[in-house]
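[1] sequence first, then the predicted structure, then my questions.
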There are 2 protein chains.
Amino acid sequence: MERIEQYRQSIRQVLTSHATFVESDNADIESQFVFDTEHDHYQLLEVGWEGLKRVYNCIIHLDIKGGKIWIQRNMTDVDIARELVEIGGVSKEDIILGLHPPYKHPYTGYGVA
Amino acid sequence: MERIEQYRQSIRQVLTSHATFVESDNADIESQFVFDTEHDHYQLLEVGWEGLKRVYNCIIHLDIKGGKIWIQRNMTDVDIARELVEIGGVSKEDIILGLHPPYKHPYTGYGVA
């Protein structure tokens, strides 16, 4: 359980460090951090308006499921899995690359569900 | 503050009632409830795979900001604002239709930021 709490902190740290991916020179676009510790869902979103065009994007979404961190979405050019390992100290087998179809997970060098 | 707590409960109730919008006959698609009471962001998502096609959709997203409920996303055909009023007992001026551009808010019959 202490490990999971450490993973939650690592996720917060990684998400917070990428807030700049949200266009910051437009005051009508809000960057939202979503930290749901009840279901262990964590996101960075951008929500708002670019003139009359609605903006709604999930930039990063990480989950903790079955004791492992799932990368569910990553619209940045950053290697989030690597950051979790190098900055967060998460072991590779505890990270699942959810953006690869499940049959590929054993060949990613990362974890398997 | 008691009113905000009541709004949180109403949001949970409305989101939970629409879980069926997530395709339920596909075991590879997970419906996720996101309840972030720290930042007051609430979502219903579908996440998973349809064969080799990645599925990632936010079906509904509601926020509480400045004491009002913002509808940030609604991919259903349900009138969420009306449900919040009729089922949740939320007053119309405390609901903001975030899917309309801000200049339209005064003409929606609902609230203004």
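    Happy to help now that I have it.

[2] and chain A, which of its residues are near chain B?
    A:28, A:32-39, A:41, A:43, A:45, A:47, A:49, A:52, A:54, A:56, A:58, A:61, A:63, A:72-73, A:98-99, A:101-102 (C-beta under 8 Å from any C-beta of the partner chain). All C-beta atoms are positioned from the backbone trio N, CA, C, and that covers glycine.

[3] okay, and which of those map to helices?
    Using DSSP state H, no member of the residues of chain A next to chain B falls in helices.

[4] give me the contacts around the longest helix along chain A.
    Longest among the helix segments of chain A by residue count, using DSSP H, is helix A:2-17. Contacts to helix A:2-17, defined as C-beta atoms under 8 Å, 6 or more residues apart in numbering or on different chains, come from residues A:33, A:35, A:37, A:40, A:42-44, A:60, A:62, A:64, A:67, A:69, A:80, A:83-84, A:87-90, A:94.

[5] if we use 7 Å, what do you get?
    Applying C-beta atoms under 7 Å, 6 or more residues apart in numbering or on different chains, the set of residues contacting helix A:2-17 from outside is A:33, A:35, A:37, A:42, A:44, A:60, A:62, A:64, A:67, A:69, A:80, A:83-84, A:87-90.

[6] do the same with stretch A:93-112
    Contact with stretch A:93-112 is made by A:67-72, A:74, A:81, A:84, A:92, A:113, B:49, B:52, B:54, as judged by C-beta under 7 Å, 6+ apart.

[7] lowest pLDDT pick from those?
    Looking at those by pLDDT, the weakest one is A:Ala113, with 90.

[8] walk me through which strands whichever strand in chain A runs longest pairs with, and which way each runs.
    Longest strand in chain A, counting residues (DSSP state E): strand A:53-65. Next to strand A:53-65 in the sheet, as set by DSSP bridges, lie strand A:41-50 (antiparallel), strand A:68-74 (antiparallel).

[9] now mean neighbour count too, for the ones you listed, in a markdown table please.
    Output for those, formatted as a markdown table (neighbours: other C-beta atoms under 10 Å in any protein chain shown):
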| stretch | mean neighbour count |
| --- | --- |
| strand A:41-50 | 22 |
| strand A:68-74 | 22 |
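
[10] dump these to CSV, plus distance to A:Ile4.
    Putting the strands paired with strand A:53-65 into CSV (distance: least, C-beta to C-beta, whole Å) gives the following:
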stretch, distance to A:Ile4
strand A:41-50, 13
strand A:68-74, 10
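
[11] for chain A, which spans come out with low pLDDT?
    Low-confidence segments of chain A, defined by pLDDT under 70: A:1, A:23-24.

[12] re the thing from before, in the longest strand of chain A, what counts as buried?
    A:Val55, A:Tyr56, A:Cys58, A:Ile59, A:Ile60, A:His61, A:Leu62, A:Asp63, A:Ile64 (16 or more other C-beta atoms under 10 Å in any protein chain shown).

[13] what about A:Glu83, distance to B:Ile64?
    Using C-beta to C-beta, to the nearest Å, one gets 31 Å for the distance from A:Glu83 to B:Ile64.

[14] repeat that for A:Asn74.
    Taking C-beta to C-beta as the measure, A:Asn74 and B:Ile64 are separated by 28 Å.

[15] how about A:Gly89?
    The gap separating A:Gly89 from B:Ile64 is 34 Å, by C-beta to C-beta.

[16] wait, A:Gln43 sits on A:Asp63?
    No - under the criterion of C-beta atoms under 7 Å, A:Gln43 makes no contact with A:Asp63, lying 9.5 Å away.
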